[in-house]
Each structure stands twice: as C-alpha cells, then as structure tokens.
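1. need coordinates for the following:
(one chain, ligands or ions: 1)
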Amino acid sequence: MPALSQLVALDQDTLRCPADTYEELRRRGVHHAPEIDAYVVARHDDVVRVLRDQSVFSSRNTVGRIPPPADPDRPTLSPLLLLSDDPVHAHRRKIVNRAFTPARIAVWEPRVREIAEQHVERLRDLPDVDLVRDLAALLPVRVIALVLGVPQDDVDRFRAWSEEITSSVGNHDVDPVRRDQVQAEFAGYVSALLDRRDEHPESSVLAQIAAAEAAGELTRHQCVSFVAELLIAGNITTTHHLSSSIALLAIDPSTADRLRADRGLVTPFVEESLRLESPIQGFYRFVTTDTEIGGVPVPEGSRVFVLYASANRDDDAWPQCPHMQLDRPNPAAHLAFGKGAHACIGASLARLEGRVVVETLLERLASLELRVAPDEIRYGASFVNHGPVSLPARLTFRNEPDRAAQEWGPTR
Ligand code: HEM
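-> Below you'll find the model as predicted:
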C-alpha cells in the first residue's frame, strides 16, 4: 500500500510515527494523491514556497472538504482568519495581533505557572493518572480563557462548549440540531461578555474584539466566530503539544536528566518537540492560478496539502534530522506554526505553556513512568492533528518518602 494511504486510513503505527511515510513523499516529490484529491507538498523548500505565496495558494480551503453552502437563516461559526486571504485577513488579524505579541504573552507567565502547578499538584491525589486526560487536555482551555478575558469561574462551561464546537468543526456528519444548539448557547454566552465590554481589562482579547465591533469593523456574529476560532485553534493543538512533550520526556529519561541539570535547555527541548511531533502535520491550500511547485505543474482549481511535519523532518533543512538535538543554532526555525501571513498567532502562548508545563513537571516529580510501551501509545485518529490521546502514568512526587526512585524511569 502506498505510504500516504496508510496515513489516510489512520493506521495507528503510521499515525504514531509518520516519518517513513514523509521520507517516501519527499523522495517522490510533488504529486497528485487521489486519496485526498490534492497535490502533496512534502519537501522543506516547496512547503515554504507555498506558505509564502498566498496570492497563488489561497487559504479559502485549509481544512479539507469544502463545507456546504452557508444557510443565511442559520449562520454557523466559521474561522475569520484561517479561511480568509489578504487584505481581509490582514485587517482582521490586526484586531487581535496586539494581544499575542511575545512581550504581551510574557506578562501571563506567572498566571500560567500557577495554573500548571495547580493541575500538576492535583495529580498527587489521583489513583489512576492519565497525563493527557488529567493534565494536557485541561490546561490549554484555562489559559485561553485567561488571555481572552473569560471569567475563570466559567471555565468548565467554556471547556464543554469548546469540546463540542471543536468536534463539530469540519465534521459535516454532525447532528445539525445539536450543533446549532451548542453554537447558540456559546454565542449567547460570548455576546453577554461582549455587552459588558467596559469590565474587561484593556489588554484582554475580548476587549479588543469588542472595540472592533464598536468601531463597526466586525458584526456581533463575527465577534463570536473570532472567539470560537481562537478557542478551537489553541486547544487541541496545545493539548497535543503538551502530550507529545511529556511522552518524549518519559520515553527518554536521559533527556529529562539533561533538562534538570540545565534548565536553559527546556526552551530548545520545546522547539525540538514541536519540530519532531508537530501537532498540526499539514493543511490544505487552494490553487488560484496555473502554477508549478518543485518543477511539477499544478493546475488552477486544485488543492495542495502542505506537510509542515515533513518539512520539519527534511534533512536538507535539518542536519541529524531524526534526532532531538538541544544545541541547534536555529531551534525555532521549524514550520510547526506554519509560515507567512497565516503563521500561528498563538505561537508565543503555546511555547510558554510548553515550557512552563515541562519546568513544573521537572520541579515537582522525581519520576515519571508511562504504563504503556512507546509503541502502544494511542494517537488521535487524524492525519492533520497529531498527538497521543492517552498517557497512563505512574508518578513519584519529589517529597513522597515512600518511593525509592529518584530518576525518571523507563517505560514499563
Ligand atoms: C502548539 C500549539 C499550536 C500549534 C502547533 C499551532 C499551529 C498552527 C499552524 C500550523 C497554523 C497555520 C495554519 C495555516 O498555515 O493555514 C496556525 C494558525 C493559527 N493558530 Fe495556531 N497553533 C498552536 C496554538 C495556538 C494557540 C494557543 C492559538 C490561540 C490562542 C492559536 C491560534 C491560531 C489562529 C487563530 C491561527 C490562524 C492564523 C491566521 O490564519 O492568520 N494557535 N496554528
């Protein structure tokens, strides 16, 4: 079976480790893959070329199947940034950009650390720990709520909506009545927050969205869509990033030892984790005019599937590519956050969460053992999103006297 078919068929071993598939796709060069009805772009330089040229490679279709035409009587939430091209895209992005700059995000570090510490401490009392269910899946939504300006008391409700909306996006088989009901509840809640715009700190994302509404730049429905987009885009991606980083640490205790000995290595570790286990493996683009990629003609009207994750494993760009290296001169130059106009707006926030969670685990735990072998870790059933769905673990906290282990142990 061609390598891509195994990936598209969601074969667990291929999803867990798609590196060989990507190597074959890079060797083959740009080609049309009938399995996904798109031209596959897998080499680093070709991926960069596509991401940089949005006049030829439009973002009108980045998430796969083209959605059914919108029903004006039942408007659904649809991403404002991800699915638009400049100049509309650039204008919308400016509305929230200011809240996501590295300097603005750095201000949140103490609060993010507090949240991470609370969640890690709660693991102490659990009889049966799963580091995805009990940590990586809980933290990102709390952090997004914080940055948006959603009251922390409402986080549980916010998370429930987030999960339902996330699972309905791009899933045209979902029950439309339930989808409309959830979206209406979410819209009602966000609308009420927007109505209280004077109560939000000026720096919060909600305040900026509300100001754009007041200036006539966004409709109320677009404001709600904007909040939903940030929530959805920042949730499963960050959960997968945290889960993959934790798995890497647990599987290779020598890396954990190095990070303990030199905390300055946590930042390059987070970048290498993003490179090797990119939470978004690839996205689509829509070709607006006849063109070529890597010398292969690609006709107007076709779709291309750009594989960030394959570019991140291209040894033309990354010496010693399959290996985690904590001393790369350019650790953040990977494409896990995309590149060009649509490069991830939440990258600084995701990096902060990754670093703080790893630091907190290193500080609080004497040992972390997975209760499954590395080749039994289950991955989400998607060839776009990549990450473990469950990490059953045995933990020893540092001040627990009854466990002898003082090192992060091997699996099993
Ligand atoms: C490790 C976590 C994350 C990863 C790997 C990730 C990855 C990406 C990638 C690859 C893109 C580019 C899509 C494209 O090329 O079309 C993107 C865009 C985006 N991301 Fe992230 N993301 C993460 C976290 C976040 C967070 C925390 C937020 C917000 C709170 C966020 C919000 C967005 C938005 C709104 C876009 C669309 C930007 C645009 O089209 O201008 N992401 N992300």
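
2. near the ligand, which residues of this protein?
-> 59, 62, 81-82, 93, 144, 229-230, 233-234, 237-238, 241, 279-280, 283, 308, 336-338, 342, 344-346, 349-350 (Cβ under 6 Å from any ligand atom). No exception for glycine: its C-beta is placed from N, CA and C like everyone else's.

3. could you rerun that using 5 Å?
-> 62, 81-82, 230, 233-234, 237-238, 241, 279-280, 283, 336-338, 342, 344-346, 349-350 (Cβ under 5 Å from any ligand atom).

4. please narrow those residues to those residing in strands.
-> residue 283 (DSSP state E).

5. can you spell out which helices and strands pack onto whatever helix or strand residue 254 lives in?
-> Element membership for residue 254 (DSSP states H and E) is helix 253-261. Packing partners of helix 253-261 (3 or more Cβ pairs under 8 Å, 6 or more residues apart in numbering; DSSP states H and E): helix 236-251, helix 266-276, helix 347-364.

6. what's the angle between the second one and helix 236-251?
-> Put simply, helix 266-276 runs at 110 degrees to helix 236-251, going by axes from the mean of the first three to the mean of the last three Cα atoms, to 10 degrees.

7. relative to helix 347-364, how tilted is helix 266-276?
-> Going by the same axes, to 10 degrees, helix 266-276 makes 120 degrees with helix 347-364.

8. I'd like the average pLDDT over helix 266-276.
-> Across helix 266-276, the average pLDDT comes to 98.

9. now swap in the longest one and tell me
-> Per-residue pLDDT values over helix 347-364 give a mean of 98.

10. after that helix, next one along is what?
-> strand 365-370.

11. about what we covered before: in the helix holding residue 254, which residues are buried?
-> For helix 253-261, the buried set under the neighbour-count rule, 16 or more other Cβ atoms under 10 Å, comprises 253, 255, 256, 259.

12. tilt between it and helix 347-364?
-> 90 degrees.

13. burial of the residue in the stretch 201-350 of the chain that the ligand sits nearest to, as a residue count?
-> Residue of the stretch 201-350 of the chain nearest the ligand, by Cβ to the nearest ligand atom: residue 346 (2.1 Å). Using other Cβ atoms under 10 Å, residue 346 has 23 other residues around it.

14. what do you get for residue 299?
-> Residue 299: 11 neighbours (other Cβ under 10 Å).

15. how about the contacts made by the residue lying closest to it once chain neighbours are set aside?
-> Leaving aside its sequence neighbours, residue 299 sits nearest to residue 290 (Cβ to Cβ, 6 or more residues apart in numbering; 5.5 Å). Contacts for residue 290 (Cβ atoms under 8 Å, 6 or more residues apart in numbering) come out as 297, 298, 299, 300.

16. kindly provide the distance from the third one to residue 145.
-> This means residue 299. In this view, residue 299 and residue 145 are 44 Å apart by Cβ to Cβ, to the nearest Å.

17. ditto for residue 104
-> From residue 104 to residue 145 the distance is 17 Å (Cβ to Cβ).

18. how many residues are close by the closest residue to the ligand within the stretch 51-200 of the chain?
-> Across the stretch 51-200 of the chain, the shortest distance to the ligand (Cβ to the nearest ligand atom) belongs to residue 81, at 3.6 Å. By other Cβ under 10 Å, the residues close to residue 81 number 21.

19. before we move on, what about residue 152?
-> 12.

20. could you do residue 281 as well?
-> 23.

21. what's near enough to touch the nearest residue to residue 124 once chain neighbours are set aside?
-> Using Cβ to Cβ, 6+ apart and skipping residues adjacent in sequence, the residue nearest residue 124 is residue 397, 5.7 Å away. Contact analysis of residue 397 by Cβ under 8 Å, 6+ apart lists 124, 364, 365, 366.

22. I figured residue 231 hits residue 148, correct?
-> Yes. Look at residue 231 against residue 148 with Cβ atoms under 8 Å: they come within range, at 7.5 Å.

23. by residue count, tell me the biggest helix in the chain.
-> Of all the segments of type helix in the chain, defined by DSSP state H, the longest one is helix 176-195.

24. report all helices and strands that that helix contacts.
-> helix 155-168, helix 205-214, helix 220-233.

25. from these, which stretch is densest packed?
-> helix 220-233 (a mean of 22; mean count of other Cβ atoms under 10 Å).

26. export it to CSV, keeping only CA atoms.
-> C-alpha atoms of helix 220-233 as CSV (Å, rounded to 0.1, in the frame of the first residue of the first chain):
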residue,chain,number,x,y,z
ARG,A,220,-21.6,40.5,16.6
HIS,A,221,-21.7,37.2,14.8
GLN,A,222,-18.1,37.7,13.6
CYS,A,223,-17.0,38.6,17.1
VAL,A,224,-18.4,35.3,18.4
SER,A,225,-16.8,33.5,15.5
PHE,A,226,-13.4,35.1,16.3
VAL,A,227,-13.6,33.9,20.0
ALA,A,228,-14.6,30.4,18.8
GLU,A,229,-11.7,30.4,16.3
LEU,A,230,-9.1,31.3,19.0
LEU,A,231,-10.5,28.8,21.4
ILE,A,232,-10.6,25.9,18.8
ALA,A,233,-7.2,26.7,17.2
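
27. quick one: contacts of it?
-> By Cβ under 8 Å, 6+ apart, helix 220-233 touches 75, 77-82, 92, 95-96, 141, 144, 148, 158, 162, 165-166, 169, 183, 186-187, 190-191, 194, 205-206, 209-210, 212-213, 218, 344-346.

28. mean confidence for it?
-> 91.

29. okay, angle between that helix and helix 155-168 too, please.
-> Using the same axes, to 10 degrees: helix 220-233 against helix 155-168 is 90 degrees.
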